[in-house]
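Trainee: generate coordinates for the sequence data below:
(2 chains)
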Amino acid sequence: MKPTKQIVVEVPTSEARRDRVEREVFARLDAMRDVDHANQIAPVRNRRLPIIAAGFAFAAAAASVIFLVAREAPPSRPSSPSLVVTPAGGSSRFTVGDAVIDAGSDTSVEVKQDPNGTTTLLLGRGTVDCDVMPRPNRAPFRVVAGDVTVEVVGTRFEVSRVGTVTRVDVARGKVKVHGNGEQRLLGAGQSWSSAVTTAGVEGSPATPADRESGGVTAPTPVVTEPIAPDKHDKPALVEEPEIELPAEAARPAKAISPQQAYEAALEIKDETKRARAYRTVANGNHTWAALSLFNLAELQAKTDVGATLKTLDELKRRFPNAGNAEDAAWFRVDVLRDARRMDEARGAAADYLRDFPQGTYAKLAARLVRPSSP
Amino acid sequence: MKPLGLVPLKLVPRTEPADDGELIAACLGGDKQAQRTLFRREYARVHATVYRILGSSRDVDDLVQETFIAVFRALPAFRGDSRLSTWIDRIAVRGVFHHLRTRKAAGTISLDAIADVDGGGRVDEQAQARDGLRRLYAALAKLTPEARTAYALYAIDGRSINEVAEITGSTKITAKTRIWRARREVERRAAADPVLAELLELGRESSSQ
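Mentor: The predicted structure follows:
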């Protein structure tokens, strides 16, 4: 064949763009790990019993209080601040309590702990990326950068300070930001900058136009409501997202996009509620519905093989070309194998091989279909 | 109250794993820093490959994101039959392929946001080059996803036939055939399109330098 000469296509790149993708990837992976973990430790079957929301909320709150009181006792004595300074081009990672902190290049951060256990990071300059456990019933965790205070509700966020401008990016969970004379609650994917004096919250998900620009710069409409002041020392915010819609209501609540509803569902700790939230998102006709169906199947797998297979059937029927079609096909094999339904598992493996002959699990599937002879 | 002692901070070592094996082991062991190292090491190539196949940045970030989610989810199944980078490229290209197939089914073609062919040169030359790229990707949009992917990997991303075959999971003969068909279609269009012909000629000059 006559050699084809290479056509030059310059690829637009930017660190901001890479950072955004990185944040989203790891936030989603963390959320998936949470789901996996929940699946591993939750032996309770989903029996579709009528549930009173208030009763569940009370039970969950009581359980978490008992659990956390048992786990955590506030430090009994105060400490002097520790100072972490990184050189330009360098970085450092350290832990304080349950938090993992990445101090970026040219960063100065002082770490203080009050007698009641409150951890405060005083950011002099640079960037700190904080991975923190959700705070309800844990000692408060704050980052102070000049006049801006960021209080953790949970769980992963970044604060950067350049001169007098402070920027907050939330990768997962929620934080409260006190600055510019106001308080804001930021959710996953949202950003706030002290340089923007009006409508300072930048919403998630990023629009295509944002992606084209390689970074979030222009303020977009406010998507979270200001919260009442003078309550930031108490975990007064409901941590779980409010997408408790009945299954018949196919549309998520106003101002919540399917992606936001999906991401919110990922963070719901109660499995029954999370399953309901997945079902609600799955009623739509978009990528997030396909993702939700898959997650719902994963959630059902430990307790109800029949329901899992039904959900996977639905996913295949409604979204045959979904990005997770291959994963779903292999998941069916896994579920059947775990249930010791080996003939059906072999059939599912054969289906997988037919649909994804070059798939990630093709070798495993082939081995299952054609067991090696003795 | 007089403070007693410093806030206890525990420094976490962040040594770079020496090779793929160590990096994968660290990632599988839950080392978040290793996972970020893997992401940052592979991101630029994956991003460039996806962009060069699609020719538009509208969906690139989403596909790159999906690629890395799939990579980290499937990493326990990585058996080292190929290089890690090839394995990751395969996942990325499969994602792009599915995307192209779905988009083709939906009948939409996105040709916006074509980047400059060359950062230098006069403005009108750049505009012409951008126009050439739009026409190139319009031609590619007429191809099957298989042919488009193979051609873009070979002619735009600069991969060898062997690499194209390995990444697309096809034989070398199949990869060659797909590239050949795609090239024939692009050159057929270029024969009636001087702007596209000029872009292909630029490619020849550039690669011969």
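
Trainee: count the neighbours of the nearest residue to A:D147 once chain neighbours are set aside for me.
Mentor: Excluding its sequence neighbours, the residue lying closest to A:D147 (C-beta to C-beta, 6 or more residues apart in numbering or on different chains) is A:G179, at 6.0 Å. For glycine as for every other residue, the C-beta is placed from the backbone atoms N, C-alpha and C. By other C-beta atoms under 10 Å in any protein chain shown, the residues close to A:G179 number 20.

Trainee: check contacts around A:G179.
Mentor: Neighbouring residues of A:G179 by C-beta atoms under 8 Å, 6 or more residues apart in numbering or on different chains: A:147-149, A:166, A:192, A:194.

Trainee: least trustworthy helix or strand in chain B by mean pLDDT?
Mentor: Sorting the helices and strands of chain B by mean pLDDT, DSSP states H and E puts strand B:10-11 at the bottom, at a mean of 66.

Trainee: just chain A next, same as before
Mentor: Per mean pLDDT, DSSP H and E, helix A:208-213 ranks last in chain A, at a mean of 34.

Trainee: helices of the chain, start to end?
Mentor: Picked chain A for this. A:15-41, A:53-71, A:208-213, A:258-266, A:271-282, A:287-301, A:305-318, A:325-338, A:342-355, A:362-369 (DSSP state H).

Trainee: meant chain B, my bad for not saying
Mentor: Going by DSSP H, chain B shows helices at B:20-28, B:32-54, B:60-74, B:84-106, B:123-141, B:145-151, B:161-168, B:172-191, B:194-208.

Trainee: of these, flag the one that's most buried.
Mentor: helix B:145-151 (a mean of 24; mean count of other C-beta atoms under 10 Å in any protein chain shown).

Trainee: and that helix, how far out from the chain middle?
Mentor: Taking C-alpha atoms, centre = their mean, to the nearest Å, one finds the center of helix B:145-151 at 13 Å from the center of the full chain.

Trainee: contacts for it?
Mentor: B:53, B:93, B:96-97, B:100-101, B:104, B:140-141, B:143, B:164, B:168, B:170, B:175, B:178-179, B:181-183, B:185-186.

Trainee: how about that helix as CSV, C-alpha atoms only?
Mentor: Provided in CSV are the C-alpha atoms of helix B:145-151 (Å, rounded to 0.1, in the frame of the first residue of the first chain):
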residue,chain,number,x,y,z
PRO,B,145,-16.7,4.1,12.1
GLU,B,146,-14.2,1.3,11.6
ALA,B,147,-12.6,2.9,8.5
ARG,B,148,-12.6,6.4,10.0
THR,B,149,-11.0,5.2,13.2
ALA,B,150,-8.3,3.2,11.4
TYR,B,151,-7.5,6.0,9.0
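
Trainee: dump the helices of chain A into a markdown table; add mean neighbour count and distance to chain B as well.
Mentor: Below are these laid out as a markdown table (neighbours: other C-beta atoms under 10 Å in any protein chain shown; distance: least, C-beta to the nearest C-beta, whole Å):
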| stretch | mean neighbour count | distance to chain B |
| --- | --- | --- |
| helix A:15-41 | 17 | 5 |
| helix A:53-71 | 11 | 18 |
| helix A:208-213 | 16 | 5 |
| helix A:258-266 | 23 | 10 |
| helix A:271-282 | 23 | 17 |
| helix A:287-301 | 23 | 9 |
| helix A:305-318 | 17 | 14 |
| helix A:325-338 | 20 | 8 |
| helix A:342-355 | 17 | 12 |
| helix A:362-369 | 17 | 7 |
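
Trainee: least reliable of these by average pLDDT, please.
Mentor: The minimum mean pLDDT among those belongs to helix A:208-213 (a mean of 34).

Trainee: closest one to A:R161 among the helices of chain B?
Mentor: Closest to A:R161 of the helices of chain B, according to C-beta to C-beta: helix B:32-54, at 21.8 Å.

Trainee: let me see the contact set for the most centrally placed residue in chain B.
Mentor: Central residue of chain B (C-alpha atoms, centre = their mean): B:T49, 1.6 Å from the mean position. Residues near B:T49 by C-beta under 8 Å, 6+ apart: B:89, B:92-93, B:153, B:157.

Trainee: so which of those residues is the closest to A:R125?
Mentor: Taking those together and measuring to A:R125 by C-beta to C-beta, the closest member is B:A92, at 37.1 Å.

Trainee: any idea how far A:L266 lies from B:Y154?
Mentor: 39 Å (C-beta to C-beta, to the nearest Å).

Trainee: residue of chain A nearest chain B, please.
Mentor: Residue of chain A nearest chain B, by C-beta to the nearest C-beta: A:Q358 (3.3 Å).

Trainee: that residue against B:G169, yeah?
Mentor: Yes: applying C-beta atoms under 8 Å, one finds A:Q358 in contact with B:G169, separated by 3.3 Å.

Trainee: any residues in contact with both of the two?
Mentor: Counting by C-beta under 8 Å, 6+ apart, the common neighbours of A:Q358 and B:G169 are B:R94.

Trainee: still on that earlier bit, okay if I get the helices of chain B as a markdown table plus mean pLDDT?
Mentor: Shown next, in a markdown table, are the helices of chain B (pLDDT from 0 to 100):
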| stretch | mean pLDDT |
| --- | --- |
| helix B:20-28 | 88 |
| helix B:32-54 | 92 |
| helix B:60-74 | 92 |
| helix B:84-106 | 84 |
| helix B:123-141 | 80 |
| helix B:145-151 | 93 |
| helix B:161-168 | 91 |
| helix B:172-191 | 88 |
| helix B:194-208 | 68 |
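
Trainee: got the domain boundaries for the chain?
Mentor: If you meant another chain, say so; for now it's chain A. A:82-213, A:258-369 (automatic domain parsing).

Trainee: switch to chain B, please.
Mentor: B:20-111, B:114-209.

Trainee: relative to A:P258, which of the helices of chain B is closest?
Mentor: Here helix B:60-74 is closest among these (C-beta to C-beta), at 13.9 Å.

Trainee: need the CA coordinates for the closest one. PDB is fine.
Mentor: C-alpha atoms of helix B:60-74 as PDB (Å, rounded to 0.1, in the frame of the first residue of the first chain):
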ATOM      1  CA  VAL B  60     -13.500  14.800  23.600                       C
ATOM      2  CA  ASP B  61     -13.400  15.500  27.300                       C
ATOM      3  CA  ASP B  62     -16.400  13.300  28.000                       C
ATOM      4  CA  LEU B  63     -14.800  10.400  26.100                       C
ATOM      5  CA  VAL B  64     -11.500  10.900  27.700                       C
ATOM      6  CA  GLN B  65     -13.200  10.800  31.100                       C
ATOM      7  CA  GLU B  66     -15.100   7.700  30.200                       C
ATOM      8  CA  THR B  67     -11.900   6.100  29.000                       C
ATOM      9  CA  PHE B  68     -10.100   6.600  32.300                       C
ATOM     10  CA  ILE B  69     -13.200   5.500  34.300                       C
ATOM     11  CA  ALA B  70     -13.100   2.300  32.300                       C
ATOM     12  CA  VAL B  71      -9.300   2.000  32.700                       C
ATOM     13  CA  PHE B  72      -9.400   2.100  36.400                       C
ATOM     14  CA  ARG B  73     -12.500  -0.100  36.700                       C
ATOM     15  CA  ALA B  74     -10.900  -2.700  34.400                       C
END
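
Trainee: which outside residues touch that helix?
Mentor: By C-beta under 8 Å, 6+ apart, helix B:60-74 touches A:17, A:20-21, A:24-25, A:28-29, A:32, A:211, A:323, A:327, A:360, B:27, B:35, B:38-39, B:42-43, B:46-47, B:50-51, B:54, B:88, B:91-92, B:95-96, B:99.

Trainee: related to what we said a few turns ago, distance to A:T119 added to the helices of chain B, as JSON lines?
Mentor: Shown next, in JSON lines, are the helices of chain B (distance: least, C-beta to C-beta, whole Å):
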{"stretch": "helix B:20-28", "distance to A:T119": "28"}
{"stretch": "helix B:32-54", "distance to A:T119": "20"}
{"stretch": "helix B:60-74", "distance to A:T119": "29"}
{"stretch": "helix B:84-106", "distance to A:T119": "38"}
{"stretch": "helix B:123-141", "distance to A:T119": "52"}
{"stretch": "helix B:145-151", "distance to A:T119": "50"}
{"stretch": "helix B:161-168", "distance to A:T119": "47"}
{"stretch": "helix B:172-191", "distance to A:T119": "56"}
{"stretch": "helix B:194-208", "distance to A:T119": "55"}
